[in-house]
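Undergrad: curious how this folds, go ahead:
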Amino acid sequence: MPKKRVGKFLGVPYDFRAPTWTVIKERAWNPNDRRIFTPHILGWGWSINLYEVLRRLGLKR
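TA: Below you'll find the predicted structure:
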């Protein structure tokens, strides 16, 4: 049985699939997502939604 390549372990998200530009944009620069911390683009942990950081600092609308 193949191992699961995306999910959560002990509450921490992981994604071991090859990243696509769509996933990179969705997790690192997403104006439609209000979360600062999104699931990691590749690996285990979190990525930062830079758009949301800038919006909260008042540098983006």
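
Undergrad: can I assume L50 is in contact with R27?
TA: No: with contact defined as Cβ atoms under 8 Å, L50 does not count as touching R27 (9.9 Å). (Each C-beta comes from the backbone N, C-alpha and C, glycine too.)

Undergrad: neighbour count: these two, which is higher?
TA: Neighbours were counted for L50 and for R27 using other Cβ atoms under 10 Å; R27 has more, 23 against 14.

Undergrad: wait, is that one part of a helix?
TA: Yes: counting by DSSP: H, G, I helix; E, B strand; the rest coil, R27 falls inside a helix.

Undergrad: mind checking what secondary structure the residue lying closest to it once chain neighbours are set aside has?
TA: Leaving aside its sequence neighbours, R27 sits nearest to T38 (Cβ to Cβ, 6 or more residues apart in numbering; 4.3 Å). Under three-state DSSP, T38 falls in the strand class.

Undergrad: now the strands for this protein?
TA: Using DSSP state E, the strands of the chain run over residues 6-9, 12-15, 37-39, 43-44, 46-48.

Undergrad: got those strands as TSV, with mean pLDDT columns?
TA: Listed next are the strands of the chain as TSV, based on pLDDT from 0 to 100:
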stretch	mean pLDDT
strand 6-9	94
strand 12-15	96
strand 37-39	97
strand 43-44	96
strand 46-48	97
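
Undergrad: I'd like those as a markdown table, with distance to L59 and mean neighbour count appended.
TA: Listed next are the strands of the chain as a markdown table, based on distance: least, Cβ to Cβ, whole Å; neighbours: other Cβ atoms under 10 Å:
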| stretch | distance to L59 | mean neighbour count |
| --- | --- | --- |
| strand 6-9 | 31 | 10 |
| strand 12-15 | 27 | 16 |
| strand 37-39 | 19 | 17 |
| strand 43-44 | 28 | 13 |
| strand 46-48 | 15 | 16 |
